[in-house]
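[1] From the sequence below, what's the structure:
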Amino acid sequence: MTVNGLPAPPALLWRKHLALLVYLARTPGGTRARDHLVALLWGDRPEAAARHSLNEALRVIRRTAGEAALDTTGGRVRLAGGVVALDVDQLRAAVRDGSWTEAAALVRGEFLEGLSLAGAGEFDDWLAAERLLWRSEGAAALMRCAEAHAAAGELAAATDLAERALALTPHADAAARALMHVHALAGHGALATAVYQSFAARLGGSIGATPTPETTALADRVRRGAGRHPRRADSPPSAAGARRPTPLVGRAAERAALLGAVAEVGAGARAAIWFVEGGPGSGKTRMLEEVTTRAGLEGWTVATARAVPGDAGTPWSLLGGLAAGGLLDAPGVAAAAPRALAGLAAVDHAWAQRYPGSAVAAIMPVRRGLCEVLRAVAEDSPVVLAVDDAQWSDAETLEALAAATRDLARAPLLLLLAIRAHVDRADIDQLQERLGRDVPGGVVRMAAFDHDALRALASSFLPGWEADGIDRLARRLAADTAGIPLFASEIVRAIGSGMDLGRFAAPWPAAARTLDEPFPTELPDTVVAAVRVNFRRLSPDARTVLGAAAVLGGRRVEALLGVAAGIDGNRLAAALDAVEAERWLVADGRGYTFSASLVGAVIARDLVTAGQRRRILGRVDEPSRTA
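    Numbers count the residues shown, from 1 in each chain. Below you'll find the predicted structure:
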């Protein structure tokens, strides 16, 4: 407590003097009867002594705050407005203004922490109610501030705020959900599940209650993956610790556009198509992950797929990918007409396995069947279909999806397509031309990082660095990576693990070379070194699996990766869990691919020896020779 910016005099901090001052400040109008104040604070004393104690307390307040601070005429005590500024009132003002950062900064400790008055039960009851209100309003401010940080991709700050909110209100479902949500956004589903389990145990043990259905539903969505493909149910992070997602620095406008599309589609029940376009390593995959995770946590049906070059010539391969990526398990699918399911089963093995009885005599054409299945799913919950590297999708599925967004114009259906810039596909060009005409949507372009974005990226991974060091590093990253987010993030991760940039001098790309020309054989030395450093942090089995995946290329199922790597059983499962937790590989329901093909190219070229390559290919070839 301060008076005019200086520590308050000891006499004012005496328990009942302080209690009187704060009580008057929290009273509407600042006015109370003398008799009420005597009974409230000195009811255990004889009347004469109690009134003397009140007068002494009023004298101390006047001496500290000035004669005009109190009016004691007419048997009442009135505290003048503006004499006392309480953090609880400042908190409410900040909340009214929507100043969440300012509001969160005010939430420190308990209301009148440590204060209690012997023999003043009525005051203690009032104090308990004020403390409960302070905790509730403080936790609400912390959660709103956490929400703002999470929306900006600042998940570390959001986690700290959500943890503080739950500590303030340990029995509040909203606070538990806030922390679960942030952990899930960060890709830490196991932590989110642990928060729910701890919260449920605390409720049951202390007040005999259970979490609300909303909280339990969120926990269920987290367990199911909520837009991500979980490694295995409740699988723990790798021994090295799962590295957190690259923060979406420099992507505020792009994130806002896509999350705005999610909100509009969900609220307005209207179909839309959005493209995420950018060069290799521009962060398209990371952006899709951000949007689908948020949608999944909000209760959307999420189906994701990742195309590889071989898919383009395989009709309906993307249909199978979306089935394995969540569409086949959507609750509303079973409500679709059998003829529609039969149409999909006729061209895709996964649909045929799930609905073997759908082989009816009259089946729908696949295109119409997909539309009817999506209609049924969208009637149960909003739907987002996200396709990464969509430039390699088969034309048949892509055409059917485009037709569905037109035919289901009043359904909550969002199609997200991540494509490489300047893709040479007439059907994708035609689809983009439809945007704003017969179907809502837009294009988000992922440009290279500018200096500010590189600064923010470096600061996020290197919080202990001084500002001038971060600025120098940002300039170096711009020279070495041309602002490509993938390369910049790999370098700052490696610096955090001890890599020294001082021994690398040449900027990249070389003068008069385009960014496309060197891919993937000519990469900056700093990036290759960074991948090496990050690669060597993994376990030997994890490195072996990554080497096998890099040599084989494309999308590979778990069993084949195990054969190529020469490991199986629990060792293979642990290795795959590790490389997926560390975001080297991603699983799209049909197998594993590199989350960034350029990183796979570095591993295949620089981190796998000729002998290792021969052994990998030999193990894969051996079953066919001995069959």
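
[2] Any buried residues in the longest helix seen in the chain, and which?
    As assigned by DSSP state H, the longest helix anywhere in the chain is helix 121-151. Within helix 121-151, the residues scored as buried using 16 or more other C-beta atoms under 10 Å are 123, 126-127, 130, 134-135, 137-150. Using the backbone N, CA and C atoms, a C-beta is placed for each residue, glycine as well.

[3] Who are the packing partners of that helix?
    Under the contact definition 3 or more C-beta pairs under 8 Å, 6 or more residues apart in numbering; DSSP states H and E, helix 121-151 sits against helix 15-26, helix 34-42, helix 87-97, helix 100-106, helix 155-168, helix 173-185.

[4] Now render these as a markdown table, adding mean pLDDT.
    Below are these laid out as a markdown table (pLDDT from 0 to 100):
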| stretch | mean pLDDT |
| --- | --- |
| helix 15-26 | 90 |
| helix 34-42 | 93 |
| helix 87-97 | 90 |
| helix 100-106 | 92 |
| helix 155-168 | 93 |
| helix 173-185 | 94 |
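
[5] Tell me which of those helices sits most buried.
    Ranked by mean neighbour count, the helices and strands packed on helix 121-151 are led by helix 173-185 with a mean of 25 (mean count of other C-beta atoms under 10 Å).

[6] What helices and strands are in contact with the next helix or strand after that one?
    The helix or strand immediately downstream of helix 173-185 is helix 189-206, counting by DSSP states H and E. Secondary-structure packing of helix 189-206 (3+ C-beta pairs under 8 Å, 6+ apart): helix 173-185, helix 213-224.

[7] Could I get those in CSV, plus columns for distance to R367?
    Below are these laid out as CSV (distance: least, C-beta to C-beta, whole Å):
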stretch, distance to R367
helix 173-185, 35
helix 213-224, 29
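
[8] any idea of the angle the host helix or strand of T292 forms with helix 213-224?
    T292 is part of helix 284-297, with elements assigned from DSSP H and E. Angle of helix 284-297 versus helix 213-224, following axes from the mean of the first three to the mean of the last three C-alpha atoms, to 10 degrees, is 140 degrees.

[9] May I have helix 284-297 as CSV, with CA atoms only?
    Only the C-alpha atoms of helix 284-297 are listed here, as CSV (Å, rounded to 0.1, in the frame of the first residue of the first chain):
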residue,chain,number,x,y,z
LYS,A,284,1.5,-23.5,-45.0
THR,A,285,1.4,-26.7,-43.0
ARG,A,286,1.8,-24.8,-39.7
MET,A,287,-1.1,-22.5,-40.7
LEU,A,288,-3.4,-25.4,-41.6
GLU,A,289,-2.5,-27.0,-38.3
GLU,A,290,-3.3,-23.9,-36.4
VAL,A,291,-6.7,-23.4,-38.0
THR,A,292,-7.8,-27.1,-37.9
THR,A,293,-6.7,-27.4,-34.2
ARG,A,294,-8.8,-24.4,-33.2
ALA,A,295,-11.8,-25.6,-35.2
GLY,A,296,-11.5,-29.1,-33.7
LEU,A,297,-11.4,-27.7,-30.1
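
[10] Which element is encountered next along the chain beyond that helix?
    For helix 284-297, the following helix or strand on the C-terminal side (DSSP H and E) is strand 301-306.

[11] next one: that following strand to chain centre, how far?
    Its chain's average C-alpha position is 17 Å from that of strand 301-306, according to C-alpha atoms, centre = their mean, to the nearest Å.

[12] Let me have the helices and strands packed on helix 121-151 in TSV, extended by distance to F594.
    Below are these laid out as TSV (distance: least, C-beta to C-beta, whole Å):
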stretch	distance to F594
helix 15-26	60
helix 34-42	70
helix 87-97	46
helix 100-106	38
helix 155-168	24
helix 173-185	23
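
[13] and V527, which of those helices is closest to it?
    For V527, the closest of those is helix 155-168, at 24.7 Å, according to C-beta to C-beta.

[14] List of residues touching the closest one?
    The contact list for helix 155-168, computed with C-beta atoms under 8 Å, 6 or more residues apart in numbering, reads 104, 107, 135, 138-140, 142-143, 145-147, 149-150, 172, 175-176, 178-179, 181-183, 185-186, 195, 199, 244-245, 247, 460.

[15] Which strands or helices does the helix holding T292 pack on?
    Packing contacts for helix 284-297, counted by 3+ C-beta pairs under 8 Å, 6+ apart, involve helix 173-185, helix 213-224, helix 252-268, strand 272-278, strand 301-306, strand 383-388, strand 413-420, strand 441-446.

[16] hmm, try it at 7 Å
    helix 173-185, helix 213-224, helix 252-268, strand 272-278, strand 301-306, strand 383-388, strand 413-420 (3 or more C-beta pairs under 7 Å, 6 or more residues apart in numbering; DSSP states H and E).

[17] re earlier: pLDDT of the longest helix of the chain, averaged?
    For helix 121-151, the mean pLDDT works out to 92.

[18] Just give me how far it sits from the chain centre.
    Centroid displacement of helix 121-151 relative to its chain, using C-alpha atoms, centre = their mean, is 25 Å.
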